[in-house]
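> Below are the sequence and a predicted model for it; my questions follow.
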Amino acid sequence: MMTLISIVEIVISVLLVVLAFLAINSKSLIKSVMFLSSLSMLAVIGFVLMKAPDVAVTEAVIGSGLVTSLFVFTLLAVRKVGKKI
Amino acid sequence: MKNFLALVFTLFLGFMIITALSNNEAFPKYGEADVSTRVSQKYLDRSVNGNPGEIIFREATNLESGPANTVTAIVADYRSFDTLGEVTVLFISSLGVALLLGSTKQRRMELDFHPNFMLKVGSRALFGIILMTGIYISIHGHLTPGGGFPGGTMIASSMLLLYLADDEFRAKIKGFKILESAAGSAYVIIGLLGLLIGSYFLENLLNNGVLGYLFSAGMIPIIYVLIGLKVGSEISGVIDNFLTEESV
């Protein structure tokens, strides 16, 4: 019997694989970072469904908050250096 | 051709892993493992040294390990030495970033990005809320999910918002460095105190109290707040290193 939660779990796991593929294969770097961020956001839901709230909190803060902003700032800095040359 | 070889190699590796992990003594079939003989059950029952008292929220006293959150009981009590190693790993990585990107004369990096009014006001309004959430999560690490590492990272995220809000803003990095080294040293000193007064490194010297209250679990809230401060100041330093450049 499929409960609602198990359907949500399957949808999330499929979406995780799709987003990981897009994050690796997208041509523009900023899009890649955004896909990575949304992958972390979905992983947070997955961790909550697997009853691991500690991991979920850590993933939410580090994966979709800090790492994304550091990537974006690094991309901005690299773009600036590229313009100078 | 390259992609095809990668696919074959990945399938081969997956096959190896699955056959190695399925149906032997260390990894039995799902549902067949006898969990009651494993050490994790002893962590859940708080009965590693025998004497399993009944665990009742807000009633149980003198348990082997005080925190209501079992993950914290493992991370900061049973396996506290591992956590000391993790903190050291983070310290070394921030040291590497500082060696690569840091220099004595620094100024804010000029990016193609200038915060508008909405971003400035919104970041400053959110700064306090995120900082308070981070401190709350660090302090309540032994009761609710979270703890020192996510709490410290939230503190660092609030600093990042301040950097986002102001082109010229720079945190007082010297204070962060003092805070970081003081918190790290205090963690080691607490461990050595356990060795001196008690019998082993990082022994929980204080009374465990009643399970589930804020002032319980002895040393563990103190250790987690120290970890939170250390992680927060370290990652703030890393963010500052990312967003500054050498002044010409």
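That came through fine. Note that the coordinates shown come from a computational prediction; the quantities given were computed from them, not determined experimentally.
> And residue 4, what's its pLDDT?
Picked chain A for this. For residue A:4, the model assigns a pLDDT of 86.
> To clarify, I was referring to chain B.
For residue B:4, the model assigns a pLDDT of 91.
> OK, contacts around it?
Counting by CB atoms under 8 Å, 6 or more residues apart in numbering or on different chains, residue B:4 makes contact with nothing. Just so you know, the C-beta spots here come from the backbone N, C-alpha and C atoms, and that holds for glycine as well.
> in which helix or strand would I find it?
helix B:2-21 (DSSP states H and E).
> and that helix, C-alpha only, in PDB?
Coordinates of each C-alpha in helix B:2-21 appear next as PDB, following Å, rounded to 0.1, in the frame of the first residue of the first chain:
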ATOM      1  CA  LYS B   2      34.800   7.900 -22.600                       C
ATOM      2  CA  ASN B   3      31.300   8.200 -21.300                       C
ATOM      3  CA  PHE B   4      30.600   4.500 -22.100                       C
ATOM      4  CA  LEU B   5      33.800   3.500 -20.300                       C
ATOM      5  CA  ALA B   6      32.700   5.600 -17.300                       C
ATOM      6  CA  LEU B   7      29.300   3.900 -17.300                       C
ATOM      7  CA  VAL B   8      30.800   0.500 -17.400                       C
ATOM      8  CA  PHE B   9      33.200   1.300 -14.600                       C
ATOM      9  CA  THR B  10      30.500   2.800 -12.400                       C
ATOM     10  CA  LEU B  11      28.300  -0.300 -12.900                       C
ATOM     11  CA  PHE B  12      31.200  -2.600 -12.100                       C
ATOM     12  CA  LEU B  13      31.900  -0.600  -8.900                       C
ATOM     13  CA  GLY B  14      28.300  -0.600  -7.900                       C
ATOM     14  CA  PHE B  15      28.100  -4.400  -8.500                       C
ATOM     15  CA  MET B  16      31.200  -4.900  -6.300                       C
ATOM     16  CA  ILE B  17      29.900  -2.700  -3.500                       C
ATOM     17  CA  ILE B  18      26.500  -4.400  -3.500                       C
ATOM     18  CA  THR B  19      27.900  -7.900  -3.500                       C
ATOM     19  CA  ALA B  20      30.400  -7.000  -0.800                       C
ATOM     20  CA  LEU B  21      27.800  -5.500   1.400                       C
END
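> can you pull the buried residues of that helix?
Within helix B:2-21, no residue qualifies as buried by neighbour count (16 or more other CB atoms under 10 Å in any protein chain shown).
> Remind me what the helix or strand just after it packs against, helices and strands.
Heading C-terminal from helix B:2-21, the first helix or strand you meet, by DSSP H and E, is helix B:39-45. Here helix B:39-45 touches no other helix or strand, going by 3 or more CB pairs under 8 Å, 6 or more residues apart in numbering or on different chains; DSSP states H and E.
> Downstream of helix B:39-45, the next helix or strand is which one?
Taking DSSP H and E, what comes next after helix B:39-45 is helix B:70-72.
> Any figure for the gap between the closest residue to residue B:130 other than its chain neighbours and chain A?
Nearest non-adjacent residue to residue B:130, counting by CB to CB, 6 or more residues apart in numbering or on different chains: residue B:158, 4.2 Å away. Computed as CB to the nearest CB, to the nearest Å, the residue B:158 to chain A distance reads 10 Å.
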